[in-house]
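Q: I'll drop the sequence and a predicted model, then ask my questions.
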Amino acid sequence: MNRRVLARSLKWLPAEPMMSAHESVEASIRSTAHFMGQNTLQPLPKKDFTYAAAQHLLNRAGFGGTPTQIRALTEMGLDKAVDYLVDFGELPERSSGLDFRGDIMRQPTREEQETARRARIAGDEETIARLQREQQMRERTDRDQLASMQRWWLARMIETGRPLEEKLTLLWHGHFATGYRTIENSWHMLAQNGLLRRECAGNFADMVRGIIRDPAMLKYLDNDENRRNSPNENLARELLELFTLGEGNGYSEQDIKQAARALTGMTFRDNAYFFDAAQHDTAAKAILGRSGNFAGDELVSIILERPQCARFIATKLFRFFVNDAPQPSRDGLDLTERLAKELRDNRYELRPVLRALFRSRGFYAPENHLAVVKSPTQLMVQTIRSFATPTRDMSALVQAGDLMGQQLFQPPSVKGWDGGRAWINTATLFVRQNVVVYLVTGRRPQAFDWSPSDMAYDSTHLVEHLRDASMSLDPEEATRSLLSFALAGDADAARLAQLNGFIGGLGDTVTDDRIKALLCLIGAMPEFQLC
């Protein structure tokens, strides 16, 4: 990219936003909010599935797409477009491979344990030191594997032809939050990622039953220490509070204690789930008004019978896919209740619920347009997929995600990421602006130690469809089209005037450099943080 064009575009990027990060994004959200009379799961009229609606669908049910991909989705029509995204199992899987060893953090063999025991008894310092070095090497290798996993999953989201699959896997990763720093086993984290991907659009009950057998979760919430005569309540508490019913929503402390008894004996050995029958409490339990000799699967069934569960999961889906406002509107509450009913009616099968949501009037309602703050992962992946930029250096993108507050495989706590407005502050907004510049230009921002990238990027494909019969492009029309595309909406007159003012001195020809400068400027706008 021409240095003069880049320098001119970057002058518009403030070292610190003129208004606070929260104020600027909140103003953008308010500017997109409109009153609507009804917000339900009634299907959107087929005639209303426009290019803008298709882009909205692709942004929310995936990670965006190029103008060509959006037009292709528009031509499918609403029903086929939704089916195409939701029935992703029928599409080929595209992802880079992962060179991985699953036995690095295995438990020592009996022979190794005996060697260590004898060395301690004999005071064999040389052998003890060797064993410690080997353990440290395994731990270092495991951390390296975790870093490889982070790059691999980010690349998978970028490359996938099944975007909803990865979007849902990301949703459930934040919902059933488990962090590597506690687990210290990359294989367990990778296995959980696979579980969430397999079950992401299946039956929610099956996913929960898988999670209470998942070695990463069992370790993270100490259920490997939950024994018949010494129950540990951590998994039971979070199962009720964070995974199914919601905090303080229809259960008591006594229910938690009884649920913990139902989960006794559920542990793991090496890399696999193991049920230790000798440590399972077989006495009768009273949970949520039901009495019996319950174990883990029965516990899940009892929980899912509660109406609070469907409502809690429906709210999670609504905030992730539709609108993440802390206080939903009347219509938002109505849509959430209808989603909860769909969940109950479909016995917690997620695919029919997602299909109904993505076809609904409420999903496409004006008040739900640009009403979700992009997560750091969404911001990076959507920028790459929509603008069709090179991926640049994957390690730099992983670091950028961490600086913006989202480190894959390391949620901040069992509550996951707060999301929504919490993604935005002065520091993270500065990183967000710079990562867009990095993706578009490949140039290393001065404030960050990211590897520069000279991979070629021709941005003119974003406006090729605007050429007239003489194959010429009108600069103002190109600017308006880029702004509308990048912000997924009609070009705001004030924003358009700003862009034309900054770009006007670059001549009357639509060039690759001019488009890249525009993309850098648009990427600094508060509205660009929304999808």
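A: Thanks, I have it. Numbering: from 1, shown residues only.
Q: which residues touch stretch 331-339?
A: 36, 38-41, 311, 314-315, 317-318, 322-323, 325, 328, 353, 356-357, 360, 362, 365, 367-368 (CB atoms under 8 Å, 6 or more residues apart in numbering). All C-beta spots, glycine's among them, are computed from the backbone N, C-alpha and C.
Q: Give me the buried entries from these.
A: Burial by neighbour count, 16 or more other CB atoms under 10 Å: within these this picks out 39, 41, 311, 314-315, 317-318, 322-323, 325, 328, 353, 356-357, 360, 362, 365, 367-368.
Q: List the buried residues in the longest helix anywhere in the chain.
A: In terms of residue count, the longest helix belonging to the chain (DSSP state H) is helix 125-159. Within helix 125-159, the residues scored as buried using 16+ other CB under 10 Å are 131, 142, 145-146, 148-159.
Q: so where do the strands sit in the protein?
A: Counting by DSSP state E, the chain has strands at residues 266-269, 272-275, 285-287, 290-292.
Q: For the first one, name the packing helices and strands.
A: Put plainly, it is strand 266-269. In terms of contacts (3 or more CB pairs under 8 Å, 6 or more residues apart in numbering; DSSP states H and E), strand 266-269 is packed against helix 215-220, strand 272-275.
Q: who touches the last one?
A: By CB under 8 Å, 6+ apart, the surrounding residues in contact with strand 272-275 are 213-215, 218, 265-268.
Q: What residue in the protein is the furthest from its centre?
A: Distance from the centre of the chain peaks at A122, with 52.3 Å (CA atoms, centre = their mean).
Q: which ones are touching it?
A: With contacts defined as CB under 8 Å, 6+ apart, A122 has no neighbours.
Q: so how far is I128 from it?
A: Going from A122 to I128 by CB to CB, to the nearest Å gives 10 Å.
Q: Report how many residues lie close to N59.
A: 23 (other CB atoms under 10 Å).
Q: now the residue lying closest to it once chain neighbours are set aside: how far from L370?
A: Excluding its sequence neighbours, the residue lying closest to N59 (CB to CB, 6 or more residues apart in numbering) is C531, at 4.4 Å. With distances taken as CB to CB, C531 is found 7 Å from L370.
Q: anything in contact with each of these two?
A: Contact with both C531 and L370 is made by residues A488, according to CB under 8 Å, 6+ apart.
Q: show me the contacts for F528.
A: F528 touches 436, 486-487, 522, counting by CB under 8 Å, 6+ apart.
Q: low pLDDT regions in the stretch 201-350 of the chain?
A: In the prediction, the stretch 201-350 of the chain carries no residues with pLDDT under 70.
Q: Repeat that for the chain.
A: Within the chain, the stretches with pLDDT under 70 are 1-39, 102-109, 468-472, 504-507.
Q: Can you get me a residue count around the residue lying closest to A447 once chain neighbours are set aside?
A: The spatially closest residue to A447, leaving aside those adjacent along the chain, is N434, at 6.7 Å (CB to CB, 6+ apart). By the criterion of other CB under 10 Å, N434 has 24 neighbours.
Q: list the contacts for N434?
A: So N434 contacts 13, 400, 445, 447-448 (CB under 8 Å, 6+ apart).
Q: Which members of the residues you listed are positioned in helices?
A: A400.
Q: what's the farthest-apart pair in the contacts of N434?
A: L13 and A400 (15.5 Å; CB to CB).
Q: So those two - more neighbours on which side?
A: Per other CB under 10 Å, whichever of L13 and A400 has more neighbours is A400, with 24 against 17.
Q: I'd assumed T428 was in contact with that one.
A: No: taking contacts as CB atoms under 8 Å, A400 lies outside contact range of T428: 10.1 Å.
Q: Nearest residue to the middle of this protein?
A: Centre-nearest of the chain using CA atoms, centre = their mean is L170, 3.4 Å out.
Q: Might you report the residue contacts of the residue lying closest to that one once chain neighbours are set aside?
A: Nearest residue to L170 in three dimensions, chain neighbours excluded: T377, at 6.3 Å (CB to CB, 6+ apart). By CB under 8 Å, 6+ apart, T377 lies in contact with 154, 157, 170, 401, 406, 408.
Q: and T377, how far is that from F63?
A: Distance, T377 to F63, by CB to CB: 8 Å.
Q: now, of the helices and strands packed on strand 266-269, which is deepest in the fold?
A: helix 215-220 (a mean of 24; mean count of other CB atoms under 10 Å).
Q: With only the CA atoms kept, save that helix in CSV.
A: This file holds the C-alpha atoms of helix 215-220, laid out as CSV (Å, rounded to 0.1, in the frame of the first residue of the first chain):
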residue,chain,number,x,y,z
PRO,A,215,-12.2,-34.4,31.7
ALA,A,216,-11.5,-30.7,31.2
MET,A,217,-14.7,-29.7,33.0
LEU,A,218,-14.3,-32.4,35.7
LYS,A,219,-10.8,-31.1,36.4
TYR,A,220,-11.7,-27.4,36.1
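Q: gap between that helix and the chain center?
A: Relative to the chain's own centre, helix 215-220 is displaced by 20 Å; criterion: CA atoms, centre = their mean, to the nearest Å.
Q: Equivalent analysis for stretch 188-208, please.
A: For stretch 188-208, the distance to the chain centre is 14 Å (CA atoms, centre = their mean).
Q: residues of it that come out buried?
A: Buried-residue list, stretch 188-208, by 16+ other CB under 10 Å: 188-193, 195-197, 199-208.
Q: Tell me the spacing between the residue nearest to A447 and L518.
A: Distance, N434 to L518, using CB to CB: 17 Å.
Q: now W187
A: Distance from W187 to L518, by CB to CB: 45 Å.
Q: what about the helices in the stretch 201-350 of the chain?
A: For the stretch 201-350 of the chain, applying DSSP state H, counting those that start in this stretch gives helices covering 204-211, 215-220, 234-238, 253-262, 296-304, 307-321, 330-345, 350-359.
Q: buried residues in the shortest one?
A: Meaning helix 234-238. Per 16+ other CB under 10 Å, helix 234-238 contains these buried residues: 234-238.
Q: and the residue nearest to N500 when sequence neighbours are not counted, what does it touch?
A: Excluding the flanking residues, the one nearest N500 by CB to CB, 6+ apart is T479, at 6.1 Å. Counting by CB under 8 Å, 6+ apart, T479 touches 496, 499-500, 503, 518.
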